[in-house]
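[1] Prediction below, plus the sequence it came from.
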Amino acid sequence: MESKENKKDEIFFSIIIPTYNRASIIAKTLFSLLSQEYKNFEVIIVDDGSTDNTEQVIKNIDSVNVFYHKIKNSERGFARNYGAKLAKGDYINFFDSDDLALPNHLSTAMKAITECKDPEIFHLNYIMLNADSKTRDSNIGKHLLANKILINGNVLSCNGVFLKREVALKFPFNESRKLSVSEDWDLWLRLSARYKIYLVSTVTSYIVNHEARSVMTFNEQKLLDRTNELLASLKNDSTFVKAYPKALNVINAHMFSYMALHAVLDKQKSISFKYLKLAIKVRFSEIFTRRFLATIKHLIF
């Protein structure tokens, strides 16, 4: 069998998977990545202190492409940065441990690198896959660049983002626990102030929606902390503020309407109404967004 020492010289892509207690589903994610048409890659799994049998599941998968590292629980931002420091590939892809790659994921990335002339960052398209097996398009395939549309919300999936290794090392994820779940949006926004973020319309992965997914729960205080941490991070980035002088209000309103929608889905209508009013106060045009209208619909019916 080919050794891991020989394999390292061929690596072009490093796929970093942070994971925490996903033993029941991570194998499916791994097998989808190991079924790639393009073969010169490594998968670096950073186990963020799992207490289940994740380690045994990974070690039962016999592949020279897979490297497993376990750390104490430190949140996804830290885990991704840890993996980036270990990466040997020219490009880094951060993949989530509950999603699925299609066989064309890396071959499409190779094509994009050629067509976009070695971009610092680009994103491949994805489809949302719900528990009932129904799919929903990401709606970002019609755009050529993500830079301006990112201000209105995180339309990118970690699965689809590819970064040059030197960019990933120069601009790491914010490791604050308070920012968890929005640490990726924070990074994409900061990168968008510095580089073109190319969008490739070809679908190469599925985001799998399930009840345990971290973005599906509502916790008012955690969301408030996340909002404040995100705004503080961006405000402290002078390059971002100069590139997008009006963006902070847009992002603040977006987070308030996000909280309003999740509150009403959690049947907390009074809290939902409170954050709708705050969203309008920060940015009146928020009333024209799909999320605002969806929240109003849930409040009425």
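    Yes, it's here.
[2] helices or strands next to whatever helix or strand D186 lives in in the packing?
    Following DSSP states H and E, one finds D186 within helix 183-192. Helix 183-192 is packed against strand 161-164, helix 220-235, helix 238-243, with contacts defined by 3 or more CB pairs under 8 Å, 6 or more residues apart in numbering; DSSP states H and E. In this view, the C-beta of every residue, glycine as well, is placed from N, C-alpha and C.
[3] Quickly list the domain ranges of this protein.
    Per the record's domain assignment (automatic domain parsing), the chain is made up of the domains 4-212, 216-300.
[4] Point out where the stretch 51-200 of the chain drops to low pLDDT.
    Applying pLDDT under 70 to the stretch 51-200 of the chain flags residues 131-137, 139, 141-142.
[5] which stretches of it form strands?
    Taking DSSP state E, counting those that start in this stretch as the criterion, the stretch 51-200 of the chain carries its strands at 66-71, 91-94, 100-101, 121-129, 135-137, 161-164, 197-208.
[6] quick one: contacts of the third one?
    Applying CB atoms under 8 Å, 6 or more residues apart in numbering, the contact partners of strand 100-101 are 28-29, 32-33, 35-36, 95, 129, 159, 204-206, 208.
[7] Can you select the buried ones from those residues in PyMOL?
    Of the contacts of strand 100-101, the buried ones can be selected in PyMOL as follows, counting by 16 or more other CB atoms under 10 Å:
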select buried, resi 29+32+33+36+95+129+159+204+205+206+208
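[8] coming back round to it: could you save the strands of the stretch 51-200 of the chain as a markdown table and add columns showing distance to S233?
    Supplementary listing: the strands of the stretch 51-200 of the chain in a markdown table, determined by distance: least, CB to CB, whole Å:
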| stretch | distance to S233 |
| --- | --- |
| strand 66-71 | 23 |
| strand 91-94 | 18 |
| strand 100-101 | 29 |
| strand 121-129 | 18 |
| strand 135-137 | 30 |
| strand 161-164 | 18 |
| strand 197-208 | 18 |
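[9] Could you say which of those strands is packed most deeply?
    Comparing those by mean neighbour count (mean count of other CB atoms under 10 Å), strand 91-94 comes out on top with a mean of 26.
[10] mind listing what that one pairs with, with the direction of each?
    Strands flanking strand 91-94 in the sheet, each with its direction: strand 13-19 (parallel), strand 161-164 (antiparallel) (DSSP bridges).
[11] what about dumping the CA coordinates of it to CSV?
    Provided in CSV are the C-alpha atoms of strand 91-94 (Å, rounded to 0.1, in the frame of the first residue of the first chain):
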residue,chain,number,x,y,z
TYR,A,91,-5.2,25.4,-1.8
ILE,A,92,-7.2,24.8,1.3
ASN,A,93,-10.9,23.8,1.4
PHE,A,94,-12.8,23.9,4.8
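[12] Can you list the neighbours in contact with that strand?
    Strand 91-94 is touched from outside by 12-18, 80, 83-84, 109, 113, 158-159, 161-165, 168, 184, with contacts defined as CB under 8 Å, 6+ apart.
[13] picking up where we left off before, just want the angle from the helix holding D186 to strand 121-129.
    150 degrees (axes from the mean of the first three to the mean of the last three CA atoms, to 10 degrees).
[14] Residues contacting helix 183-192, please?
    Counting contacts by CB under 8 Å, 6+ apart, the residues outside helix 183-192 that touch it are 75-77, 94, 120-121, 146-147, 150-151, 154, 156, 158, 161, 163, 167, 171-176, 179, 197, 230, 233-234, 237, 239-240, 243-244, 247, 251.
[15] Next, the angle helix 220-235 makes with it.
    Counting by the same axes, to 10 degrees, helix 183-192 points 20 degrees away from the direction of helix 220-235.
[16] just how off-centre is helix 183-192 within its chain?
    Here the centre of mass of C-alpha atoms in helix 183-192, compared against the chain's by CA atoms, centre = their mean, to the nearest Å, lies 10 Å away.
[17] Specify which member of the contacts of strand 100-101 is nearest to V66.
    Checking the contacts of strand 100-101 against V66 by CB to CB gives L33 as the nearest, at 8.8 Å.
[18] among the domains of the chain, which is the most enclosed?
    domain 4-212 (a mean of 18).
[19] ok now that domain, how far from the chain's centre?
    Centroid displacement of domain 4-212 relative to its chain, using CA atoms, centre = their mean, is 7 Å.
[20] just to revisit the earlier point, out of the helices and strands packed on helix 183-192, which gets nearest to R290?
    Smallest distance to R290 across the helices and strands packed on helix 183-192 (CB to CB): 19.3 Å, for helix 220-235.
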